[in-house]
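Asks: return a 3D structure for these sequence lines:
(2 chains)
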There are 2 protein chains.
Amino acid sequence: MEVMMRPIGVIHSPFSEVEQTPIQAARSQALGQVEIFPEFLEGLEGLEGFSHIYLLYVFHASTSYDLRVQPFLDDHTHGLFATRHPCRPNPIGLSVVRLLGLKHGLLEIQGVDVLDGTPLLDIKPYVPDFDLRTEVRAGWYEKRSKP
Amino acid sequence: MEVMMRPIGVIHSPFSEVEQTPIQAARSQALGQVEIFPEFLEGLEGLEGFSHIYLLYVFHASTSYDLRVQPFLDDHTHGLFATRHPCRPNPIGLSVVRLLGLKHGLLEIQGVDVLDGTPLLDIKPYVPDFDLRTEVRAGWYEKRSKP
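Replies: This next block holds a predicted model:
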């Protein structure tokens, strides 16, 4: 089975190089914009009522993957699926960002952690009832070697 | 630009019909299993340290989409991207589930809200520092017509 994905927009960020890009949206205050292609604009109605949204996008700079990786935040290797490493069998990235505003099909966002020009696949509203989990164990991340 | 995705596994759930399937993982106590294809098993190392994981999967029963939809939980229509409706331009589903155990490439999970046989695209660890947001506004969902 194969599923073909096509971008619905582009994420604009201050980061043109992988090395500059923050590790995870929650650690970034950077501002960015999400441009939605005209044929999808109608689907944004009501999104401005949400303070946070998920961006699902393509890790377009990733070309191959290893099943064991060393995350940016640790000195040890871990299984790829136990990390958020960008090089994955299906190179889908996931970030929660703050939605500051929405004008003429441009979403103003804060907390960007992706490369400028990242192809956007989907937007979903962040709904605490669905997405917020407390009393969570976070494996190697809790014992990681870098803050 | 087109990106080809191929499943890395299959999600097994008690739900063989769309009508039986719970609305959102957080509202479900249902048990399920995630089967990872043998060639990807090495990538699971260390995942068992995480109590919660994101599943990214294909909404394989969805065939087309509308940019305005009426969510299951409301009587009003909203823009598609302001909802978690399964029929989307790129039919990627996202659920946070509890990881109960991991044995021989089978993940035992709780809080399943997908159809049996759903193709899995990716697994990511749920990391509170990245994914947990408080002081969130949830737009129409806060004023929805169904509990």
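Asks: where does chain A have its least confident helix or strand?
Replies: The weakest-scoring helix or strand in chain A, judged by mean pLDDT, DSSP states H and E, is helix A:128-131 (a mean of 88).
Asks: in it, which residues are buried?
Replies: By neighbour count on 16 or more other C-beta atoms under 10 Å in any protein chain shown, the buried set for helix A:128-131 is A:P128, A:F130, A:D131. To be clear about C-beta, it is placed using only N, CA and C from the backbone, and glycine gets the same treatment.
Asks: how about stretch A:80-97?
Replies: In stretch A:80-97, counting by 16+ other C-beta under 10 Å, buried: A:80-86, A:88-97.
Asks: would the least confident helix or strand of chain A count as contacting chain B?
Replies: Yes - judged by C-beta under 8 Å from any C-beta of the partner chain, helix A:128-131 comes into contact with chain B through A:P128, A:D129, A:F130, A:D131.
Asks: quickly list what the residue nearest the centre of chain A is bridged to.
Replies: Geometric centre of chain A, nearest residue: A:S95, 2.8 Å, by C-alpha atoms, centre = their mean. Under the criterion DSSP bridges, A:S95 forms beta bridges with A:L55.
Asks: now A:Q110
Replies: Here A:Q110, judged by DSSP bridges, has bridge partners A:L31, A:R98.
Asks: what's stretch A:139-147 in contact with?
Replies: Here stretch A:139-147 makes contact (C-beta atoms under 8 Å, 6 or more residues apart in numbering or on different chains) with A:71-76, A:78, A:82, B:46-50, B:125, B:127, B:129.
Asks: export the residues of helix A:128-131 next to chain B to TSV and tack on distance to B:V114?
Replies: Converted to TSV, the residues of helix A:128-131 next to chain B look like this (distance: C-beta to C-beta, whole Å):
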residue	distance to B:V114
A:P128	21
A:D129	18
A:F130	13
A:D131	16
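Asks: so after the least confident helix or strand of chain A, what's the next helix or strand?
Replies: Where DSSP states H and E defines the elements, the next helix or strand beyond helix A:128-131 is helix A:139-142.
Asks: got the buried residues for that next one?
Replies: By 16+ other C-beta under 10 Å, the buried positions in helix A:139-142 come out as A:G139, A:W140, A:Y141.
Asks: could you pull up the mean pLDDT of it?
Replies: Averaging pLDDT along helix A:139-142 yields 90.
Asks: for that helix, the distance to its chain's centre please.
Replies: Centroid separation between helix A:139-142 and its chain, computed with C-alpha atoms, centre = their mean, to the nearest Å, is 20 Å.
Asks: cool, stretch A:37-47 as well?
Replies: 19 Å.
Asks: mind checking the end-to-end distance for it?
Replies: End-to-end distance of stretch A:37-47 (C-alpha to C-alpha, to the nearest Å): 16 Å.
Asks: near chain B, anything from it?
Replies: Yes - judged by C-beta under 8 Å from any C-beta, stretch A:37-47 comes into contact with chain B through A:F40, A:E42, A:G43, A:L44, A:E45, A:G46, A:L47.
Asks: what's that stretch in contact with?
Replies: A:7-9, A:36, A:53, A:99, A:102, A:105, A:107, A:123, A:125, B:67-68, B:78-82, B:89, B:139-140.
Asks: out of those residues, which are inside strands?
Replies: Among the contacts of stretch A:37-47, the members falling in strands (DSSP state E) are A:G9, A:I36, A:I53, A:L99, A:L102, A:L107, A:I123, A:P125, B:R68, B:H78, B:G79.
Asks: and the gap between the first one and A:E48?
Replies: A:G9 sits at a distance of 16 Å from A:E48 (criterion: C-beta to C-beta, to the nearest Å).
Asks: now swap in A:L73 and tell me
Replies: 33 Å.
Asks: got it, and A:F37?
Replies: A:F37 sits 18 Å away from A:E48, going by C-beta to C-beta.
Asks: these two: who's more crowded?
Replies: Neighbour count, other C-beta atoms under 10 Å in any protein chain shown: between A:F37 and A:E48, A:E48 has more, with 17 against 14.
Asks: you'd agree A:R6 is up against B:E2?
Replies: Yes - between A:R6 and B:E2 there is a contact under C-beta atoms under 8 Å: 5.7 Å.
Asks: which of those two has more neighbours?
Replies: Neighbours were counted for A:R6 and for B:E2 using other C-beta under 10 Å; A:R6 has more, 12 against 7.
Asks: wait, what's in contact with that one?
Replies: Contacts of A:R6 (C-beta under 8 Å, 6+ apart): B:M1, B:E2, B:V3, B:P89, B:N90.
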